[in-house]
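Q: What follows is a predicted structure for the sequence shown.
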Amino acid sequence: MSDDLLSYEEDKRNTNPDSNHLRNFNAGWTEALKDDPDKSKYKENPELPNLTWENLGYRLGSLFGETSKDLREELFEWCKEQQAENPRE
C-alpha cells in the first residue's frame, strides 16, 4: 500500500452520488479494516490512481480505522458536499 493515500491522478467519483455510492464507500472502508492486508483487493493496485467512492472509503478507512456506521455516513455526506462546492473541471 502506498504511504500516500491522498494522492490520485483523476477523480472518477459520480457527481450525483446516491445510496449505491454510499454502499460502495462502506465496502471500501470495510476492505481497509481486513485483518490481513494481503487479502485486500487493493494490494494489487497500491497506487490507487483514480479516486472512486469505493476507494475513497478505503482510503479513509485506512486512516481512521473502525468507525460507527453513523459517523461513516456523516463523512460520506460531508464528502458529497465538499465535492459539490469544489467541482472538478
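A: On my side now, so go ahead. Residues are numbered from 1 along each chain as shown.

Q: got the CA coordinates for the longest helix seen in the chain in CSV?
A: Using DSSP state H to define each element, the chain has its longest helix at helix 69-85. Provided in CSV are the C-alpha atoms of helix 69-85 (Å, rounded to 0.1, in the frame of the first residue of the first chain):
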residue,chain,number,x,y,z
LYS,A,69,-22.0,3.5,10.7
ASP,A,70,-23.4,6.9,11.5
LEU,A,71,-20.1,8.5,11.5
ARG,A,72,-19.2,6.9,8.2
GLU,A,73,-22.4,8.2,6.7
GLU,A,74,-21.8,11.6,8.0
LEU,A,75,-18.3,11.6,6.5
PHE,A,76,-19.8,10.4,3.2
GLU,A,77,-22.3,13.3,3.2
TRP,A,78,-19.5,15.7,4.0
CYS,A,79,-17.5,14.4,1.0
LYS,A,80,-20.6,14.8,-1.2
GLU,A,81,-21.0,18.5,0.0
GLN,A,82,-17.3,19.2,-0.5
GLN,A,83,-17.4,17.7,-4.0
ALA,A,84,-20.4,19.9,-4.9
GLU,A,85,-18.6,23.0,-3.5
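
Q: And the contacts of that helix?
A: 13, 15, 17, 21-22, 25-26, 29, 56-57, 60, 67 (CB atoms under 8 Å, 6 or more residues apart in numbering). C-beta: built from backbone N, CA, C; applies to glycine.

Q: what's the spacing between Gln83 and Tyr42?
A: Distance of Gln83 to Tyr42, given as CB to CB, to the nearest Å: 21 Å.

Q: about what we covered before: flag every buried residue along the longest helix of the chain.
A: Across helix 69-85, burial judged by 16 or more other CB atoms under 10 Å covers 72, 75-76, 79-80, 83.

Q: Gly28 reaches Leu56, doesn't it?
A: Yes - using CB atoms under 8 Å, Gly28 is in contact with Leu56, at 6.6 Å.

Q: ok now do the most centrally placed residue in the chain, which residues does it touch?
A: Centroid-nearest residue in the chain, with CA atoms, centre = their mean: Leu56, separated by 1.5 Å. Contact analysis of Leu56 by CB under 8 Å, 6+ apart lists 13, 25, 28, 79.
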